[in-house]
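K.L.:
got a sequence here, can you build the structure:
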Amino acid sequence: MPPPSLTTEAENSTLELAPHFENEVRWPAPAPWSALRMAMTQRDFESRDWNEGETACRWKFEFNGGFAEAGEERMKLNEIKFMVSMPDAFRTCPHGIEGSRMFPEVEIWLSGTLMRKPDFCVLTPQQIAEAEGNGRPVPGFVIEVVSPNDRSTYHDQKLIDYFASGVQVVWHVNPRLEMITIFTSPHEGEIMHGDDVCSAAPAFPKFKMKASDIFAAAKL
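P.N.:
Coordinates of the predicted model:
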């Protein structure tokens with residue numbers, strides 16, 4: 001079930017919940033609003049525990065130019081095996097053996113005012129050390145798990161954000177259709193399925209898997 005569409009700032013500074021969402025979405029205290037977008041300072045955003053609240057853990061909370069946003073739900077139970085299978089698969093490739101790691105749902109600051117939380121990202125050993133030293137490295141490879149019901153405009157905007165900030169390749173993984181769209185720019189994507197080989201080039205060219213193997217691993 002996708003969240004309601006975002007309004008533009010010109011239309012409204014907040015997004016009103018659709019009627020059926022009002023009883024389903026509760027923001028974590030002390031958030032004093034009934035919307036999916038609210039103006040706040042970065043300090044306020046980073047000081048909050050976004051896992052508080054009855055159903056807050058359902059949502060990804062991101063920061064975008066002075067606004068806290070809940071743009072999409074977190075991975076669903078029927079997608080959760082990707083949380084294990086994807087990092088495990090990457091760990092066994094040459095890049096993983098050399099120390100690069102795939103992480104699920106971590107905060108990635110693409111700029112001083114923009115934080116996205118991709119379903120997966122890959123960091124090199126140098127970037128991991130930078131992050132451990134309170135740095136904010138931008139990964140070269142990002143994966144988003146999407147479905148036909150997700151809002152395309154939201155993911156299109158994230159593609160623009162990723163590539164504008166130095167990400168080199170983005171996978172959109174669709175478990176329902178067992179298809180993967182590989183983007184090497186915001187306007188250039190190739191759909192892969194079955195025995196098609198998915199590559200993380202140019203960021204991690206030695207990570208390659210058949211699309212069918214990616215989905216098979218998530219079913220084990």
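K.L.:
I'd like the next helix or strand past the helix ranked longest in the chain.
P.N.:
Longest helix of the chain, by residue count under DSSP state H: helix 152-164. Note on helix 152-164: by DSSP states H and E, the next helix or strand toward the C-terminus is strand 169-174.
K.L.:
how about the CA coordinates for the longest helix of the chain, as CSV?
P.N.:
This file holds the C-alpha atoms of helix 152-164, laid out as CSV (Å, rounded to 0.1, in the frame of the first residue of the first chain):
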residue,chain,number,x,y,z
SER,A,152,7.0,6.8,-9.6
THR,A,153,7.5,10.5,-9.1
TYR,A,154,9.1,9.9,-5.6
HIS,A,155,11.6,7.3,-7.0
ASP,A,156,12.3,9.5,-10.0
GLN,A,157,13.2,12.4,-7.6
LYS,A,158,15.4,10.1,-5.6
LEU,A,159,17.2,9.0,-8.8
ILE,A,160,17.9,12.7,-9.6
ASP,A,161,19.2,13.2,-6.0
TYR,A,162,21.4,10.1,-6.1
PHE,A,163,23.2,10.9,-9.4
ALA,A,164,23.5,14.6,-8.6
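K.L.:
now do it against strand 169-174, angle only.
P.N.:
Computed with axes from the mean of the first three to the mean of the last three CA atoms, to 10 degrees, the direction of helix 152-164 lies at 160 degrees from that of strand 169-174.
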